[in-house]
Each structure stands twice: as structure tokens, then as C-alpha cells.
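> Mind looking at a prediction? Sequence and model below.
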Amino acid sequence: MIYTSANRYLAAKWQARVTPSGAAFRFSNGIIVNNLWELKQALRIVREDIIAEHIKDGKNDIATWVEEVVGDHELAEEMKKTSTRWGTIVALERQMMRTVNLPYYVAARWLKKAEYPFYFVDGTKVASLEELKQALERVDDQVIDFRLEREPNDVAKWVYDIIGDHQLAAVLAESTNRLQMLTFVDDHMVMLHEALKCR
């Protein structure tokens, strides 16, 4: 099964460890982070109060580390805009999606209408990522919650099996609500449309 976070972060940018070892980020509870991939994993398990120790009173230790040690200024700026676990993870996901080098022909394939549409429990039918985005903007949260009860969720499975977009499927498989799914689909489509221009 492809629904593992690591598959989305195989690029060197996400796996490259900072050096020397003393440059690693250390959460106050002792968890050590050596690259952006490890940061994403740590943010999923570190307690909220620990994260709050690093993001408070106008300071953001995590964003500062990303800027000064990792060297990703654009990501650091996005991280400075949030003070929560979810916001920081979203900033990481968005930057990952927007900096993936994808051939235009793959983007075109993922953006076209699918042979087999997806049906939400309320009857809403989607046959493309654009239609999925539109559906996520208007369906009720309960409609999405029904689909999220499966593992992996039905939407992620459709995106993987029918659309063939393993990158988006992987992030959708981790989604826990409609807003997250909409954010991921919207950002992913920005990346796909950018890839279309690179012919």
C-alpha cells in the first residue's frame, strides 16, 4: 500500500540531514529532528504543550530553525504565520507539494476526467480533481466524515486507484476532516497547473 508519509518525502530536500549533529532541532522533551521529514513526524506526536513552548510570545523556534539551519526561507515564512501543530504541518505539506518537480504529462494525466467517477453518500458525483475540489467546498462535513471512517479513506483510495495521483492520495489518506482535504486538493492542483506550464 502506498499510503505512507515517507513516500512523499523521498526527495533530497526533505531527507537531507542538517550537519553537524549539533545543528539538529531539539524539542524541550528531548525529541531530536535532523531534517524536514523528521520534523513532520515529530509534529504528529509531540504534545501540544511542548509545541507551545517553542511557538509563543512572538517567537517560533521551529520556523527559526527551518530558516537559519535548514535554509528554506519560504517555508520558514509560512511557518511564522501559525502557532499550532496543525498549521505547522500544513505549512510543511504545502511547501512539499509546491516544490515537487513533476513532468507536465503526468500533471495532465492527473487533471483529466476519470473513467470511473466517485460518489459521495449524498449522491454528489466527481470525476476529476477539479470536481473533487468543488465538491469539498460545498458538501456537508458529515458527508466527508462517512468516507473518512475507512482506512485508507475512500476518497484517498479513489484518487490513488482511479486518478492515479499517488502524491495527493498519500496526503488525503492522513486527512481527518473536510477542510484538510480541501486544503490539500487545492494546493496540489496549484502544483499540477504549474507543472503543465513546464513543457
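Now that the structure is in, tell me what you want to look at.

> Quickly find the element holding residue 40.
Here residue 40 is covered by helix 36-45, with elements defined by DSSP states H and E.

> mean confidence for that helix?
Across helix 36-45, the average pLDDT comes to 90.

> Tell me the buried residues in that helix?
Neighbour-count burial for helix 36-45 flags 36, 37, 38, 39, 40, 41, 42, 43 (criterion: 16 or more other Cβ atoms under 10 Å). Glycine gets a C-beta too; all of them are placed from N, C-alpha and C.

> and the residue lying closest to the last one once chain neighbours are set aside, how many neighbours?
In space, not counting the residues next to it along the chain, residue 43 is nearest to residue 89; the distance is 5.3 Å by Cβ to Cβ, 6 or more residues apart in numbering. Residue crowding around residue 89 was assessed by other Cβ atoms under 10 Å; the count is 17.

> The residue nearest to residue 107 when sequence neighbours are not counted: neighbour count?
Distance criterion Cβ to Cβ, 6+ apart; nearest residue to residue 107, sequence neighbours excluded, is residue 195 at 3.8 Å. By the criterion of other Cβ under 10 Å, residue 195 has 20 neighbours.

> In contact with residue 195, which residues are there?
102, 103, 104, 106, 107 (Cβ atoms under 8 Å, 6 or more residues apart in numbering).

> list the contacts for the second one?
When contacts are counted by Cβ under 8 Å, 6+ apart, residue 103 touches 195, 198.

> Swap in 7 Å and give it another go.
Shown in contact with residue 103 (Cβ atoms under 7 Å, 6 or more residues apart in numbering): residue 195.

> Which pLDDT value goes with it?
70.

> Relative to residue 109, how far out is it?
Noted for residue 103: a distance of 10 Å to residue 109, by Cβ to Cβ, to the nearest Å.

> so who does the residue nearest the centre of the chain touch?
For the chain, the residue nearest the mean C-alpha position is residue 93 (3.1 Å; Cα atoms, centre = their mean). The neighbours of residue 93, taking Cβ under 7 Å, 6+ apart as the test, are 171, 184.

> Offset the numbering so it begins at 12, please.
Sounds good: first residue 12 from here, last item residue 104.

> That one and residue 41: what is the separation?
Residue 104 is 25 Å from residue 41, by Cβ to Cβ.

> returning to what we had before: are we agreed that the residue nearest to the centre of the chain is in a strand?
No: under the criterion used here (DSSP: H, G, I helix; E, B strand; the rest coil), residue 104 is helix, not part of a strand.
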